[in-house]
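Student: pasting a predicted model and its sequence here:
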Amino acid sequence: MGLGQTILPSLVILAAFGCVPPLLSLLVCRSRYRYARAKGRPVGWALGAMWFSAAAFILNLVLLSVSAILLSSDPGWTRLQAAMLLLGWVCFWLWVLLILTRRAKRRRVQY
């Protein structure tokens, strides 16, 4: 088994945990931004969350490409990959928070 066969699973795991949560967070923030803008509500927080998610997604893509280069020469986890996973973790919880707050508002009954 060559070194190239062990790199691919690591990169897939890094992409799944590092790039998917910021992308999901970006999509939810974008829909929340559009909804708030259509209703005439303040959009600053949604715009900020959207920019954070977009920056985290782009940064994680860069870190993923750097990780591919680093893993090909020295297999093992580095601080770059840890930072990538940390950003993914923060965006995951931002995504969960936005999903939960949207559903909580839908359940309210107005009398």
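Tutor: Structure received. Numbers count the residues shown, from 1 in each chain.

Student: can we go C-alpha only for contacts and neighbour counts from here?
Tutor: Noted.

Student: show the subsequent helix or strand relative to whatever helix or strand Arg37 lives in.
Tutor: Assigning secondary structure by DSSP states H and E places Arg37 in helix 20-39. Using DSSP H and E, the helix or strand that follows helix 20-39 towards the C-terminus is helix 44-73.

Student: list the contacts of Pro22.
Tutor: Pro22 makes contact with 53-54, 56-57, 87-88, 91-92 under the criterion CA atoms under 8 Å, 6 or more residues apart in numbering.

Student: so can I have TSV of these showing neighbour count and pLDDT?
Tutor: Putting the contacts of Pro22 into TSV (neighbours: other CA atoms under 10 Å; pLDDT from 0 to 100) gives the following:
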residue	neighbour count	pLDDT
Ser53	29	90
Ala54	19	91
Ala56	25	89
Phe57	25	89
Leu87	23	85
Gly88	27	86
Cys91	27	86
Phe92	22	88
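
Student: now those residues in JSON lines, with distance to Ser31?
Tutor: Shown next, in JSON lines, are the contacts of Pro22 (distance: CA to CA, whole Å):
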{"residue": "Ser53", "distance to Ser31": "13"}
{"residue": "Ala54", "distance to Ser31": "14"}
{"residue": "Ala56", "distance to Ser31": "18"}
{"residue": "Phe57", "distance to Ser31": "17"}
{"residue": "Leu87", "distance to Ser31": "21"}
{"residue": "Gly88", "distance to Ser31": "20"}
{"residue": "Cys91", "distance to Ser31": "16"}
{"residue": "Phe92", "distance to Ser31": "16"}
